[in-house]
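Student: here's a sequence, model it:
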Amino acid sequence: MDDIEKLKAENSDLRTKVDELMSNKYCLEGELRKVTETNERLLRILENLSNGYVKKER
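Tutor: I've put the predicted structure just below:
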């Protein structure tokens with residue numbers, strides 16, 4: 001019976017770790033999307049600047 005309880009506890013710990021890793025994964029994917037969008041905006045700005053486009057301030 002001791003072995004079964006140990007395995008149950010170990011399984012619970014592993015499930016908790018998996019849940020934490022999945023949460024981290026989703027968080028990192030969100031951050032990666034933000035960084036990708038920022039990079040795309042910066043590339044458009046650089047392209048516009050290299051083409052001589054200057055945005056007029058209002």
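Student: separation between residue 17 and residue 24?
Tutor: The spacing between residue 17 and residue 24, counted by CB to CB, to the nearest Å, is 10 Å. In short, each C-beta sits where N, CA and C put it, glycine included.
Student: no no, residue 38
Tutor: When CB to CB is applied, the distance between residue 38 and residue 24 equals 21 Å.
Student: low-confidence ranges in this protein?
Tutor: Applying pLDDT under 70 to the chain picks out residues 1, 53-58.
Student: nearest residue to the middle of it?
Tutor: residue 28 (1.7 Å; CA atoms, centre = their mean).
Student: OK, contacts around it?
Tutor: With contacts defined as CB atoms under 8 Å, 6 or more residues apart in numbering, residue 28 has no neighbours.
Student: quick one: secondary structure of it?
Tutor: Each residue gets one of three states, and residue 28 gets helix by DSSP: H, G, I helix; E, B strand; the rest coil.
Student: helices of the protein, start to end?
Tutor: Ranges of helices within the chain are 2-50, based on DSSP state H.
Student: and residue 46, how many neighbours?
Tutor: Applying other CB atoms under 10 Å, we find 10 other residues in the vicinity of residue 46.
Student: for burial, what's the neighbour tally of residue 49?
Tutor: Other residues close to residue 49 by other CB under 10 Å number 11.
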